[in-house]
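**Student:** give me coordinates for this.
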Amino acid sequence: MDVDVVSWKQERLRDALATISEVTEDLRRLQVAECSGKVDFSDSHNIAQICQGVAFILLAMWLIFANNSKVAVAQKAPLEERHKICATISTAVALFSGFFNILQLTAIDDFDLPGRSSSFTLNLSRPVEWLATCPIMQLKLVVLAGARVPAYRRFMMPLLSVAVLLCGTASMFTGDALRFAWYGFGLCFAVIMFYHNSLQISENSEGEESFFHGDSDFRKLSLLLVWTWFPFPIWFTVSVEGFGLIKDPFVIEMGWVLLNVVSKFSFIVLLQRMKMVHQNKMEAARQLYGLPPGDATTEHDLQTYSQQDFVGKAVSPRGGLNPTDYGLGHGEEAGSESKLVELVAETMVTMNLGTHSNRMMKLLVDSGISNTAVLERLNQDRCMDLNLPWALISSIQKRWTTEKMNMGQDQGGLVEKEDPFMKILEANRERISTKIPGQVGSNAGTPMNSGSQPMLDLGAFDEQITGAAYSAVYPLHEEMLSELKAMKEDLARQFENSQEAISQRMDFSQVTLLQTLGSIPLLGMGG
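**Tutor:** As a prediction, this is how the structure comes out:
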């Protein structure tokens with residue numbers, strides 16, 4: 001019986017060793033043998049997977065465009081709405097690019113290019129990705145330009161992009177001299193496309209800007225697209241897909257990756273930044289008129305409100321304001337009040353809200369913000385209490401801080417706070433020097449002749465010094481009073497707590513005493 005068990009265990013051990021040997025041999029063969037990397041298109045499973053992937057891509061594209069305004073309507077919509085639509089389309093571009101780049105990891109899109117001196121395998125997902133995203137980027141430029149660009153550009157610009165990409169793809173799959181013809185056709189279409197991109201800059205600005213001059217966001221976005229797309233045909237020419245000047249597959253693929261990432265990332269990020277800046281500007285303008293965030297009020301309506309505020313006001317073309325219209329610019333704080341008006345006007349013009357400057361000044365004056373000293377002490381909580389737009393207030397404060405820093409740099413990097421006492425003292429010195437010009441300097445201690453020079457009004461001088469000292473000491477006085485009040489409240493609270501504790505102890509002592517007295521007669525009776 002024991003012999004049979006031992007033989008059975010030995011047989012099982014031999015089977016296990018044989019299995020391990022077979023697995024090891026298979027692993028060694030997989031490490032040495034090359035993968036064919038070919039997809040069998042006759043296999044029904046592969047065909048089903050391809051059809052399923054294409055169907056879901058088409059569904060995603062349909063959902064994106066179905067849940068947004070029609071392109072024809074979007075082109076005539078306000079700029080804020082056009083930015084939202086372009087941002088949604090940018091999301092689709094990023095998703096499609098990510099999907100097709102992951103698809104390049106598989107062998108389903110690998111094709112050998114014919115007629116090349118060196119073998120090169122093309123990932124067809126790359127040109128397919130460009131066909132799915134580049135026309136949409138051209139469409140976004142047309143939508144963003146608005147109604148100033150002709151409506152037919154919504155079809156022409158994407159079709160030009162498709163024509164360029166199809167000619168390039170045909171050139172890759174053509175092995176003879178015909179590929180040079182396809183390349184020439186694609187280059188011609190690219191020149192036409194870039195020309196119309198330049199033309200749209202002039203149309204959007206109504207002739208104020210061109211490809212070579214201008215400072216608008218639309219011009220920057222158009223130039224970015226042209227300059228990041230222009231290297232694509234150059235790299236195509238020098239790679240194996242074109243004329244074969246560069247034959248290293250790694251260098252070729254990394255070049256395509258760099259160009260693709262830079263062009264799409266920079267375009268989408270700049271477009272998103274334009275959207276955020278315009279959205280913040282609109283929200284700030286709505287806050288000026290007491291509208292809630294996200295209100296449907298358009299920029300045209302806000303312009304109408306601003307025109308109503310400017311009735312009867314003399315305003316310069318750059319949004320300058322007159323301090324006297326708001327009761328400012330008089331008295332000792334005239335300089336600070338005028339500076340506040342100047343800061344508001346410059347900030348609103350910088351943010352393209354110059355027509356709303358009058359409304360902003362009304363809000364500040366009605367809230368008691370009449371000079372830069374009060375402006376510096378505003379924060380977000382105080383602005384909420386005063387119903388002031390914090391976004392605009394913070395921008396004005398930043399401009400004022402920058403100007404103070406510049407003044408400090410002009411004076412050696414030091415900005416000193418002005419002492420009210422010293423300010424009055426210097427003013428009196430100047431007044432004395434004008435009244436007694438011969439007594440200022442080294443002979444200041446010489447007694448004055450009452451008959452020849454007017455006497456100095458010492459009483460008024462004392463009053464000014466007293467007022468300056470009071471203004472300097474008053475904040476400290478208020479601070480000390482607040483601290484004493486807090487200490488008083490704290491002591492009162494501690495006294496109440498102590499009194500309550502003493503009362504509780506006294507109550508307990510009385511109860512104990514009564515219980516003791518009540519038990520004495522009982523003890524006597526028991527005795």
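**Student:** helices of the stretch 51-200 of the chain, start to end?
**Tutor:** Counting by DSSP state H, counting those that start in this stretch, the stretch 51-200 of the chain has these helices, from start to end: 71-75, 79-103, 125-145, 153-172, 178-204.
**Student:** got a markdown table for those helices, with mean neighbour count too?
**Tutor:** All C-beta atoms are positioned from the backbone trio N, CA, C, and that covers glycine. Below are those laid out as a markdown table (neighbours: other C-beta atoms under 10 Å):
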| stretch | mean neighbour count |
| --- | --- |
| helix 71-75 | 16 |
| helix 79-103 | 17 |
| helix 125-145 | 21 |
| helix 153-172 | 19 |
| helix 178-204 | 17 |
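**Student:** check those for me: which has the lowest mean pLDDT.
**Tutor:** Mean pLDDT values for the helices of the stretch 51-200 of the chain show the minimum at helix 71-75, a mean of 68.
**Student:** the helices of the stretch 51-200 of the chain: which one's closest to T19?
**Tutor:** Comparison of the helices of the stretch 51-200 of the chain against T19 by C-beta to C-beta identifies helix 79-103 as nearest, at 36.5 Å.
**Student:** give me the below-cutoff pLDDT ranges for the stretch 401-527 of the chain.
**Tutor:** Low-confidence segments of the stretch 401-527 of the chain (pLDDT under 70): 402-477, 501, 503-527.
**Student:** ok so, going back, for the helices of the stretch 51-200 of the chain, which one sits closest to W8?
**Tutor:** Across the helices of the stretch 51-200 of the chain, closest to W8 is helix 79-103 (C-beta to C-beta), at 51.9 Å.
**Student:** helices or strands next to the closest one in the packing?
**Tutor:** Judged by 3 or more C-beta pairs under 8 Å, 6 or more residues apart in numbering; DSSP states H and E, helix 79-103 is in contact with helix 44-66, helix 71-75, helix 125-145, helix 249-288.
**Student:** to F218, which of the helices of the stretch 51-200 of the chain lies closest?
**Tutor:** Closest among the helices of the stretch 51-200 of the chain, using C-beta to C-beta: helix 178-204, at 5.1 Å.
**Student:** angle of that closest one against helix 125-145?
**Tutor:** 20 degrees (axes from the mean of the first three to the mean of the last three C-alpha atoms, to 10 degrees).
**Student:** immediately after helix 178-204, which helix or strand?
**Tutor:** helix 217-229 (DSSP states H and E).
**Student:** mind listing what's buried along that following helix?
**Tutor:** Neighbour-count burial for helix 217-229, counted by 16 or more other C-beta atoms under 10 Å, picks out F218, R219, L221, S222, L223, L224, L225, V226, T228, W229.
**Student:** who's in contact with it?
**Tutor:** For helix 217-229, the external contacting residues (C-beta atoms under 8 Å, 6 or more residues apart in numbering) are 134, 137-138, 141, 144-145, 190, 194, 197-198, 200-201, 204-205, 209, 211, 259, 262-263, 266-267, 270-271, 274.
**Student:** picking up where we left off before, E253: which of the helices of the stretch 51-200 of the chain is closest?
**Tutor:** Nearest to E253, of the helices of the stretch 51-200 of the chain and by C-beta to C-beta, is helix 125-145 at 9.0 Å.
**Student:** now do L481 against G168, distance only.
**Tutor:** 81 Å (C-beta to C-beta, to the nearest Å).
**Student:** which of the helices and strands packed on helix 79-103 is buried the deepest?
**Tutor:** helix 125-145 (a mean of 21; mean count of other C-beta atoms under 10 Å).
**Student:** what angle do that helix and helix 217-229 make?
**Tutor:** Going by the same axes, to 10 degrees, helix 125-145 makes 160 degrees with helix 217-229.
**Student:** for helix 125-145, packing partners?
**Tutor:** helix 71-75, helix 79-103, helix 153-172, helix 178-204, helix 217-229, helix 249-288.
**Student:** between the ones you listed, which one is closest to N358.
**Tutor:** By C-beta to C-beta (comparing all of the helices and strands packed on helix 125-145), the closest turns out to be helix 249-288, at 9.9 Å.
**Student:** need the contact list for F189.
**Tutor:** So F189 contacts L160, A163, V164, C167 (C-beta under 8 Å, 6+ apart).
**Student:** could you list the buried residues of the host helix or strand of L363?
**Tutor:** L363 is part of helix 357-366 when elements are defined by DSSP H and E. Within helix 357-366, the residues that count as buried by 16+ other C-beta under 10 Å are S357, N358, R359, M360, M361, L363, L364, V365.
**Student:** how far off helix 249-288 does that helix point, in degrees?
**Tutor:** Going by the same axes, to 10 degrees, helix 357-366 makes 60 degrees with helix 249-288.
**Student:** which strands and helices sit next to helix 357-366?
**Tutor:** helix 249-288, helix 299-309, helix 334-350.
**Student:** mean confidence score for the last one?
**Tutor:** Over the span of helix 334-350, the pLDDT mean works out to 77.
**Student:** what does the first one give?
**Tutor:** Across helix 249-288, pLDDT averages out at 83.
**Student:** repeat for the second one
**Tutor:** Taken as a whole, helix 299-309 has a mean pLDDT of 52.
**Student:** then stretch 227-242?
**Tutor:** 87.
**Student:** tell me how far the ends of it are from each other?
**Tutor:** 21 Å (C-alpha to C-alpha, to the nearest Å).
**Student:** in that stretch, which residues are buried?
**Tutor:** T228, W229, F232, P233, W235, F236, S239, V240, E241, G242.
**Student:** what is the most widely separated pair among the residues you listed?
**Tutor:** So, the buried residues of stretch 227-242 by C-beta to C-beta: farthest apart are T228 and V240, at 22.7 Å.
**Student:** any idea how far L17 is from Q10?
**Tutor:** Per C-beta to C-beta, L17 is found 11 Å from Q10.
**Student:** err, Q75, not the other one
**Tutor:** 84 Å.
**Student:** before we move on, what about S210?
**Tutor:** When S210 is compared with Q10 (using C-beta to C-beta), they lie 91 Å apart.
**Student:** how about E25?
**Tutor:** From E25 to Q10 the distance is 23 Å (C-beta to C-beta).
**Student:** for G146, same thing?
**Tutor:** Taking C-beta to C-beta, one finds G146 at 87 Å from Q10.
**Student:** between the two, which one's more packed in?
**Tutor:** Set side by side, G146 and Q10 show more neighbours around G146, with 17 against 10, by other C-beta atoms under 10 Å.
**Student:** quick one, grab the pLDDT at the more buried one.
**Tutor:** Taking G146 on its own, its pLDDT is 83.
**Student:** ok, it - contacts?
**Tutor:** Contacts of G146 (C-beta under 8 Å, 6+ apart): Q75, K76, L79, R82, N204.
**Student:** go again using 10 Å as the cut-off
**Tutor:** Counting by C-beta atoms under 10 Å, 6 or more residues apart in numbering, G146 touches A74, Q75, K76, A77, P78, L79, R82, E203, N204, F218.
**Student:** as TSV, these with distance to L328 would be great.
**Tutor:** Shown next, in TSV, are those (distance: C-beta to C-beta, whole Å):
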residue	distance to L328
A74	45
Q75	45
K76	43
A77	40
P78	35
L79	34
R82	40
E203	44
N204	40
F218	39
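**Student:** out of the residues you listed, which is nearest to T347?
**Tutor:** Nearest to T347 among those, with distances taken as C-beta to C-beta, is L79, at 21.1 Å.
**Student:** thought the closest one was touching V277?
**Tutor:** No: if you go by C-beta atoms under 10 Å, L79 and V277 don't touch, sitting 11.3 Å apart.
**Student:** reformat the buried residues of stretch 227-242 as a markdown table; add distance to D176.
**Tutor:** Converted to a markdown table, the buried residues of stretch 227-242 look like this (distance: C-beta to C-beta, whole Å):
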| residue | distance to D176 |
| --- | --- |
| T228 | 32 |
| W229 | 28 |
| F232 | 24 |
| P233 | 20 |
| W235 | 22 |
| F236 | 18 |
| S239 | 18 |
| V240 | 16 |
| E241 | 15 |
| G242 | 14 |
